[in-house]
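A.B. asks: Provided below for reference: sequence and predicted model.
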Amino acid sequence: MADRIKDLICGMEIEATKAVKLTQDGLNYYFCSENCRQKFIKQSSTEKFVILGNKARYICPMHPEIEQDKSGECQKCGMDLEQKVVSSGEEDNKEVRLLARKFWIGLILAFPVFFLTLGEMVPVFNQKTVVASEFLRWLQFIFATPVVLWAGSIFFVKAWKSVLNKSLNMFTLIAVGVGAAYGFSAIAIIFPNIFPASLKQHGEIGLYFEAAAVITVLVLMGQLLEAKARNRTGQAIKALLGLAAKVAHRIRDGKEGDIAIDQIQKGDLLRVRPGEKVPLDGIIIEGKSAIDESMISGEPFAVVKIEGSRVIGATVNQTGTFLMRTEKIGAETLLSQIVQMVTDAQRSRAPIQKLADQISAYFVPAVFVCAAIAFIIWFIFGPSPVLAYALVSAISVLIIACPCALGLATPMSIMVGIGKGAQAGILIKNAEAIEKCEKVTHVLIDKTGTLTAGRPQVTVVTAVNGWDDKSLLSITASLEQNSEHPLARCVVDYAKEKKYELILADSFQSVTGGGVKGKVGGKSVLLGKQKFIKEHGISLSKDLEKKSDALQEKAETIVCVAVNGQMAGILGISDPIKKTTPDAIRALQKMGLKVVMLTGDNEKTAHAIAKELGINDVYAALEPKDKQEIIKRLRRGGAKVMMAGDGINDAPALAEAEVGVAMGTGTDVAIQSAGITLVKGDLNGIVKALRLSRGVMRNIRQNLFFAFIYNALGVPIAAGILYPFLGLLLNPMIAGAAMSFSSVSVIGNALRLRNIKL
């Protein structure tokens, strides 16, 4: 009898010889069909973290310094820790599901308690005329108990941990307030005779089951909204994670087989077919295609890729099939780096958060003192029954003063703002960059690769003496393809882009510092500087010289072309200004910022570019240390400096500035040195980052106002300051609603940042 195996997916038993095989991590797995095999590959991939190579860490959304390698609760504030690296599984929704279940069950059970209490207060609904009063009181106890002790148990657990950790927090206040209301009422039901007659009204002790139950539900509602809000702020990250491919087609020993992404090694050859996602970062070694890179660049048009072109993981292959060699895996890939930057930034804290933390450190003990003072005053000077009034006042103070809104004011705005920035191609490394960005007074910008494209291009073609642009470029590129000079490569690439015909050149000769010469199609061709051409007895016409001088004034490099001893034309080569640069510069200036150009290029070129862009302050011919010194000097003068650059030479300046901005098209060193990275690599991203920063900081201040105003007004009212004048005493249930509303206000205000116009 043949050996039989059990399918890992569907459980079906089949003969081993007929099974579909998969090898992973050196182990063999067998399945009943290709369908089950594919399901296993996808399952084993999605259960792992998409940011491969990173271990899952859990961090507090309110206190990012609290971090551990397993789930749990914050030692300071009691909030549930969140995964620092987002998983693509179901764990993200665990907290939401738990809170939702407790909230809805608690709400259903709390409603009868509230209704029964309403019946006691409103004669029309007074149930005592129908049912015995004692039964109704026990009914309140029965319904309120699971609400407080089951649905609200998470608050008591967190409060107890706060006491053990000697870090009182909002859950301490909630547990004490709700516990006091429930405990007093439960004792009044179970042991009514222990209370003196002076505390009884109509022979009964007043109950606060409705306050305990409704407050628990209201706080649960606030916690549920907070959990959902935090999940929503992670949508930008989850959207990026969802872009990653799960399976790749690996070529090994001449055979092609499917493999999970996390099993791919550097150097592996992968085949990518039309419609599939590029598995990882690498380089094309065979074939060509058009690839949709909009998830990285934001550009809607597909990019043509040929042999030697680099491809980015998670981008979508559109037309052709190609073979690629894997160069980056796991956390090294661009997608993983983007996700990591966003997740780190969302859990970082702005300096303004320190203000809220300092206040919270004194706030909780102060609230207990206020509650104690209120209790004593009411107990000594209050009307009969004094204990009841004193208890209501103290409980109301504890509940309404819950500092959850204060703790959420900064983190919520930071999380939403950074998520919004990620969607707009603005990757913010830490929250401190957001706060400093708002105060920037000077924007210093590198020229090459930042203001300009960073790649020399043929920008002007002027043909004379019967030559046309096409023939002039064809003969020029045919000779230049033998040269290793960077400008020669520009000419050749431009001609190929235009699909002009290139032929082989003979007798090629390069003259250092002058140009090149040779024969193309039997014609003698000279290429180079004007001086090089004149040395060979060839002169430019007045019109051509005038044209050449005008181009040089614009910082164009001129290549003169002579054929058979006669001028054929000139080419203008330059590093063109990015199309988005002029509008971005004007926008920055309208925002009241001083724009300064820093460049290692020569004075003439720098001033030509600056003049075209309307930049008045220019520093040229700089070394990396010179840029850094300029920033130090400006900062000593009181300026708040933002530096934007893309090269390794910009890294020291980026690190020195208050806010460093790296182009996503630049070097890794520049990106690591900067606080903000612009994915698309154009200066409009700086304008958006500044607008985002100002919006986030304005939102944080609004949130702090909401948090402080509720506490500043709520505590005195809860303590009974209005009672002598208006006879008004705040019910603990209303206090709970006000406390929850403050959190809802902060959350709702922070979520408005999702709609900010950048």
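C.D. replies: Noted; the coordinates are in hand.
A.B. asks: which strand in this protein runs the most residues?
C.D. replies: strand 566-574 (DSSP state E).
A.B. asks: and for the very next helix or strand once past it, what's in contact with it?
C.D. replies: As assigned by DSSP states H and E, the chain's next helix or strand after strand 566-574 is helix 581-590. With Cβ atoms under 8 Å, 6 or more residues apart in numbering as the test, helix 581-590 has contacts from 443, 451-452, 595, 612-615, 682-684, 686-687, 690. All C-beta spots, glycine's among them, are computed from the backbone N, C-alpha and C.
A.B. asks: any chance of those in JSON lines, plus distance to L551, neighbour count and pLDDT?
C.D. replies: Compiled in JSON lines, the contacts of helix 581-590 are given as follows (distance: Cβ to Cβ, whole Å; neighbours: other Cβ atoms under 10 Å; pLDDT from 0 to 100):
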{"residue": "V443", "distance to L551": "29", "neighbour count": "25", "pLDDT": "94"}
{"residue": "L451", "distance to L551": "19", "neighbour count": "28", "pLDDT": "85"}
{"residue": "T452", "distance to L551": "16", "neighbour count": "22", "pLDDT": "82"}
{"residue": "V595", "distance to L551": "26", "neighbour count": "24", "pLDDT": "93"}
{"residue": "E612", "distance to L551": "13", "neighbour count": "15", "pLDDT": "87"}
{"residue": "L613", "distance to L551": "18", "neighbour count": "18", "pLDDT": "90"}
{"residue": "G614", "distance to L551": "21", "neighbour count": "11", "pLDDT": "90"}
{"residue": "I615", "distance to L551": "21", "neighbour count": "21", "pLDDT": "91"}
{"residue": "D682", "distance to L551": "25", "neighbour count": "23", "pLDDT": "79"}
{"residue": "L683", "distance to L551": "25", "neighbour count": "26", "pLDDT": "85"}
{"residue": "N684", "distance to L551": "28", "neighbour count": "19", "pLDDT": "89"}
{"residue": "I686", "distance to L551": "30", "neighbour count": "28", "pLDDT": "91"}
{"residue": "V687", "distance to L551": "31", "neighbour count": "22", "pLDDT": "93"}
{"residue": "L690", "distance to L551": "35", "neighbour count": "22", "pLDDT": "93"}
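A.B. asks: how about the contacts made by V311?
C.D. replies: V311 makes contacts with V272, V278, D281, G282, I283, I284, I291, K305, M324, as judged by Cβ under 8 Å, 6+ apart.
A.B. asks: and which of those residues is nearest to F135?
C.D. replies: Minimum distance to F135 across these is 70.4 Å, recorded for V278 (Cβ to Cβ).
A.B. asks: test my guess that the closest one contacts M324.
C.D. replies: Yes. With contact defined as Cβ atoms under 8 Å, V278 reaches M324; the gap is 7.3 Å.
A.B. asks: intersection of neighbour lists for the two?
C.D. replies: Counting by Cβ under 8 Å, 6+ apart, the residues touching both V278 and M324 are V272, V311.
A.B. asks: returning to what we had before: which one of the contacts of helix 581-590 is nearest I573?
C.D. replies: I573 has its nearest neighbour among the contacts of helix 581-590 in T452, at 12.6 Å by Cβ to Cβ.
A.B. asks: residues near L335, how many?
C.D. replies: Other residues lying near L335 total 23 when counted by other Cβ atoms under 10 Å.
A.B. asks: that one in helix, strand or coil?
C.D. replies: Recorded secondary structure, L335: helix (DSSP: H, G, I helix; E, B strand; the rest coil).
A.B. asks: spatially nearest residue to it (excluding sequence neighbours)?
C.D. replies: Distances taken as Cβ to Cβ, 6 or more residues apart in numbering place A314 nearest to L335, at 4.8 Å, with adjacent residues excluded.
A.B. asks: C-alpha coordinates for stretch 158-169, PDB please?
C.D. replies: C-alpha atoms of stretch 158-169 as PDB (Å, rounded to 0.1, in the frame of the first residue of the first chain):
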ATOM      1  CA  LYS A 158      -5.300  48.900  34.300                       C
ATOM      2  CA  ALA A 159      -5.900  51.100  37.400                       C
ATOM      3  CA  TRP A 160      -4.400  48.400  39.700                       C
ATOM      4  CA  LYS A 161      -1.300  48.200  37.500                       C
ATOM      5  CA  SER A 162      -1.000  51.900  37.600                       C
ATOM      6  CA  VAL A 163      -0.900  51.700  41.400                       C
ATOM      7  CA  LEU A 164       1.700  48.900  41.400                       C
ATOM      8  CA  ASN A 165       3.800  50.900  38.900                       C
ATOM      9  CA  LYS A 166       3.400  54.100  40.900                       C
ATOM     10  CA  SER A 167       2.200  55.800  37.800                       C
ATOM     11  CA  LEU A 168      -1.400  57.100  38.300                       C
ATOM     12  CA  ASN A 169      -3.200  57.700  35.100                       C
END
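A.B. asks: report the mean confidence score over that stretch.
C.D. replies: What stretch 158-169 shows for mean pLDDT is 76.
A.B. asks: repeat that for stretch 567-578.
C.D. replies: For stretch 567-578, the per-residue pLDDT averages 87.
A.B. asks: cool, stretch 479-487 as well?
C.D. replies: 78.
A.B. asks: what does stretch 216-233 give?
C.D. replies: Mean predicted lDDT for stretch 216-233 stands at 68.
A.B. asks: distance of the residue nearest to L335 relative to E276?
C.D. replies: From A314 across to E276, the span is 11 Å (Cβ to Cβ, to the nearest Å).
A.B. asks: next: F184.
C.D. replies: 66 Å.
A.B. asks: more neighbours: these two, which one.
C.D. replies: Higher neighbour count among F184 and E276: F184, with 21 against 17, using other Cβ under 10 Å.
A.B. asks: surely the more buried one touches Y208?
C.D. replies: Yes. If you go by Cβ under 8 Å, F184 and Y208 touch, sitting 6.4 Å apart.
A.B. asks: can you list residues touching both of these two?
C.D. replies: Joint contacts of F184 and Y208 (Cβ under 8 Å, 6+ apart) are L391.
A.B. asks: hang on, the earlier thing: mind listing what's buried along the longest strand of the chain?
C.D. replies: Residues M567, A568, G569, I570, L571, G572, I573, S574 are the ones in strand 566-574 that count as buried (16 or more other Cβ atoms under 10 Å).
A.B. asks: for the last one, which non-adjacent residue is closest in space?
C.D. replies: In space, and not counting its chain neighbours, S574 is closest to E556: 4.6 Å by Cβ to Cβ, 6+ apart.
A.B. asks: hang on, isn't that neighbour packed against T459?
C.D. replies: Yes. Look at E556 against T459 with Cβ under 8 Å: they come within range, at 6.6 Å.
A.B. asks: what's the overlap in contacts for the two?
C.D. replies: What both E556 and T459 touch, as defined by Cβ under 8 Å, 6+ apart, is the set G572, I573, S574.
A.B. asks: give me the nearest residue to the first one, chain neighbours excluded.
C.D. replies: Take G572 and drop its neighbours on the chain: the residue closest to it by Cβ to Cβ, 6+ apart is V460, 3.2 Å away.
A.B. asks: separation between that neighbour and A488?
C.D. replies: Applying Cβ to Cβ to V460 and A488 gives a distance of 17 Å.
A.B. asks: out of those two, which sits in the busier spot?
C.D. replies: Neighbour count, other Cβ under 10 Å: between V460 and A488, A488 has more, with 22 against 17.
A.B. asks: low-confidence ranges, the stretch 301-450 of the chain, go.
C.D. replies: Applying pLDDT under 70 to the stretch 301-450 of the chain flags residues 301-302, 338-361, 399, 401-408.
A.B. asks: what segments of it are strands?
C.D. replies: 303-305, 310-311, 316-317, 322-328, 426-428, 442-446 (DSSP state E, counting those that start in this stretch).
A.B. asks: hmm, who's touching the third one?
C.D. replies: Strand 316-317 has contacts (Cβ under 8 Å, 6+ apart) with V272, R273, P274, G275, E276, K277, V278, S289, I291, D292.
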